[in-house]
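A.B. asks: I'll drop the sequence and a predicted model, then ask my questions.
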Amino acid sequence: MADVAHQETHGFQTEVKQLLHLMIHSLYSNKEIFLRELVSNAADAADKLRFKALENDSLYENDGDLCVKLSVDKDAGTLTIADNGIGMTRDEVIENLGTIAKSGTKDFFSKLSGDSAKDSQLIGQFGVGFYSAFIVADKVVVRTRAAGQPTDQGVEWTSAGEGDFTVGNIDKETRGTEITLFLRDDEKEFADDWRLRSIISKYSDHISIPVRMWKAPVEETEGPDGEKIPGQPGEWETVNKATALWTRDKSEITDEEYTEFYKHISHDFADPMTWAHNKVEGKTEYTSLLYIPSKAPFDLWNREQSHGLKLYVQRVFIMDDAEQFMPTYLRFVKGLLDSNDLPLNVSREILQDNKITQTLRQGCTKRVLQMLERMAKNDAEKYQLFWNEFGNVLKEGPAEDFSNREKIAGLLRFASTHNDSSTQNVSLADYISRMKEGQEKIYYVTADSYQAAKNSPHLEIFKKKGIEVLLMGERIDEWLMQHLNEFDGKQLHSIARGDLDLGDLDDEETKKAQEEAEKQIEGVLERAKTALGEKVLDVKFTHRLTESPACIVADDNGMTTQMMKLMEAAGQPVPEVKYHFELNPEHQLVKLLADVQDETLFKNWTEVLFDQAALSEQGSLKDPATFVKNLNGLLASLAK
Ligand SMILES: Nc1ncnc2c1ncn2[C@@H]1O[C@H](COP(=O)(O)OP(=O)(O)OP(=O)(O)O)[C@@H](O)[C@H]1O
């Protein structure tokens, strides 16, 4: 081996050590994936070189035949994966092969449970990349030289995958990266030619560059009749299909190939849930291959998380994570886009303000929504799995994408009083199909949780009348409902807001009984208003309650409680919000209240009812101590 100069030892970043440890102990049942990861990195390195060489083709150094070569040395027990891609400088080696550069990594590791079965799933979602080499090797040597650097700027990286690694400078004639795995004693199967070939065809057929293996020379032999059978010289034989998968005809691609390709571009271990592969011809020409993953990535909620599609222009890789082609509410989509119209020298800046970008984005968005619609229609069970993983992200859609609002609304799923479960599986169309005769609106309630929504006092009248109400208990729901006023011509109406007009659903007889009840205790409204003063907008009678004595209701144009909480959580100043205080004239406590003559006791009583209503609506009180004091005063007066 060549001389190594300027050798230094570095410690791995803590997370790398954790990853290595976990991987070796939890991925043993799926060892062969290390080869997929390393070949995948080699193909990425070829893509990056091609892109850089668009501006400077001297980077090819007269070797433009980009490929990956696998070779084994049975005696030494090693397997080497060599590429002639972009290579790495010394600094890049230290950075890339000593740390994990993903945002949210620390967080991710803090979530691991120590249970290897569960953790191996998570590790899969995280992606193991280069470090997977240590699943089968107890020593790894990387020798690399960045394209365009002089031959004495080669770098050698060595590690046993424990606490540290060494780097030093070497002479390296050829550009690119060569990774030698010293196979563990029980992993020598990976030095077997056939085993390697079968792994490559399983995982790496779709890689766009050739993966080659050395075919040993065959000596000249003699046939049974003494004739000479000519020998064959040794050669590098291509063992994968080596055509970019998305350029092939759909009908020729198997599900397995699509699945493997997904794993290559997404670095996900799990199979995708579904995909759509489309070639668009005409004014704008492009191919898109879009996947819906089956599991949410660990950093789905991290706002800095990189997302977007892999962008190719005329089959040349341009960039990863081109977020311009996917709206944020579809950030879970993985895939690629190959455009014939964008210029090869396109940059993120150019993409931002570009007509073609917009057309492509609209096209891709449409495809994804179609794919989801189809799944919802043809396989409700699968769609439910999708919804459970990504539903809350999709709920950002109506606010972000006005033009597709109706389509997105059709894909939403909610919990509802129709089912006795928190599962979000009711679509707006389902709801409409069950609407009562005379019902014009879609009713919903938002709260802190499903449980709180389910027990909201606002639901009482709806239960009595058998009218379905959608129950929303997620943070995002309030935001969603701010931007979704209508579906299929029907208005969506919060039952905790404004006057409740059930229109034709109120029958004459009930109305009469209500008016009668109100008459009996007429004076109570004015008295309550005086007692509460500035605390309320108004005091009214209500018929939305059957079991509770009172409730508070947001003004028609005012802010709902959930909106207030959202703003508070986002650290924004929240204006003081006043409510309508509504009394149930048929409730025993309200009837008793009307009979209280002493104004101090009346005030005390009214405040307790108001605070109770506020507590049910908001989940907490600004001044709980006064509430408790008032309540105790009231109890004491009753005991007298
Ligand atoms: N063969 C290679 N040639 C050039 N650079 C490489 C090669 N292999 C790895 N790298 C560099 O090392 C980095 C880390 O690789 P690693 O496989 O750990 O992660 P990744 O490919 O970025 O993502 P993932 O962990 O999701 O696979 C890569 O992003 C790349 O910059």
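C.D. replies: Everything's here; your move.
A.B. asks: Am I right that Trp157 falls within a helix?
C.D. replies: No - according to DSSP: H, G, I helix; E, B strand; the rest coil, Trp157 belongs to no helix; its state is strand.
A.B. asks: where does it sit relative to Glu187, distance-wise?
C.D. replies: 21 Å (Cβ to Cβ, to the nearest Å). Every C-beta, even on glycine, is put in place using the N, C-alpha and C of the backbone.
A.B. asks: Not counting its neighbours along the chain, what's nearest the one residue in the stretch 451-600 of the chain that gets nearest to the ligand?
C.D. replies: Nearest residue of the stretch 451-600 of the chain to the ligand: Ile476, at 27.8 Å (Cβ to the nearest ligand atom). Excluding its sequence neighbours, the residue lying closest to Ile476 (Cβ to Cβ, 6 or more residues apart in numbering) is Lys395, at 4.8 Å.
A.B. asks: How about the contacts made by that neighbour?
C.D. replies: Lys395 makes contacts with 329, 412, 474, 476-477, 479-480, as judged by Cβ atoms under 8 Å, 6 or more residues apart in numbering.
A.B. asks: again with Asn96
C.D. replies: If you count contacts by Cβ under 8 Å, 6+ apart, then Asn96 has 88, 130 around it.
A.B. asks: now His543
C.D. replies: Residues counted as contacts of His543 (Cβ under 8 Å, 6+ apart) are 461, 500, 506, 510, 514, 584.
A.B. asks: same thing but 6 Å
C.D. replies: Residues near His543 by Cβ atoms under 6 Å, 6 or more residues apart in numbering: Gln514.
A.B. asks: The ligand contacts on this structure?
C.D. replies: Taking Cβ under 6 Å from any ligand atom as the contact definition, the chain meets the ligand at 41-42, 45, 83, 85-88, 96, 127, 129-131, 177, 267.
A.B. asks: which parts of the helix or strand where Thr365 lies are buried?
C.D. replies: Thr365 is part of helix 355-378 when elements are defined by DSSP states H and E. Of the residues in helix 355-378, 356-357, 359-361, 363-365, 367-369, 371-372, 375-376 count as buried by neighbour count, 16 or more other Cβ atoms under 10 Å.
A.B. asks: swap in stretch 486-502?
C.D. replies: So stretch 486-502, judged by 16+ other Cβ under 10 Å, has buried residues 487, 490, 492-497, 500, 502.
A.B. asks: which residues touch that stretch?
C.D. replies: 409, 428, 441-443, 445, 458, 485, 544, 554, 556, 560.
A.B. asks: Just the helices from the stretch 451-600 of the chain, written as ranges.
C.D. replies: Counting by DSSP state H, counting those that start in this stretch, the stretch 451-600 of the chain has helices at residues 460-465, 475-482, 508-520, 524-532, 561-569, 588-595, 599-618.
A.B. asks: Output the contacting helices and strands for the second one.
C.D. replies: For helix 475-482, the helices and strands in contact under the criterion 3 or more Cβ pairs under 6 Å, 6 or more residues apart in numbering; DSSP states H and E are helix 561-569.
A.B. asks: Looking at the closest residue to Trp275 other than its chain neighbours now. What's its pLDDT?
C.D. replies: Nearest residue to Trp275 in three dimensions, chain neighbours excluded: Tyr291, at 4.4 Å (Cβ to Cβ, 6+ apart). At Tyr291, the pLDDT value in this model is 97.
A.B. asks: Next, count neighbours for the residue nearest to Met559 when sequence neighbours are not counted.
C.D. replies: Nearest residue to Met559, sequence neighbours excluded (Cβ to Cβ, 6+ apart): Val577, at 5.2 Å. By other Cβ atoms under 10 Å, 15 other residues sit near Val577.
A.B. asks: Could you identify the helix or strand that succeeds the helix or strand harbouring Asp91?
C.D. replies: Counting by DSSP H and E, the element that carries Asp91 is helix 90-96. Downstream of helix 90-96, the first helix or strand assigned by DSSP H and E is helix 105-111.
A.B. asks: packing partners for that next one?
C.D. replies: Going by 3+ Cβ pairs under 6 Å, 6+ apart, helix 105-111 lies up against helix 14-26.
A.B. asks: what mean pLDDT would you report for the helix it packs on?
C.D. replies: pLDDT averaged over helix 14-26 gives 83.
A.B. asks: And it, what does it pack against?
C.D. replies: Using 3+ Cβ pairs under 6 Å, 6+ apart: helix 14-26 touches helix 105-111, helix 116-126.
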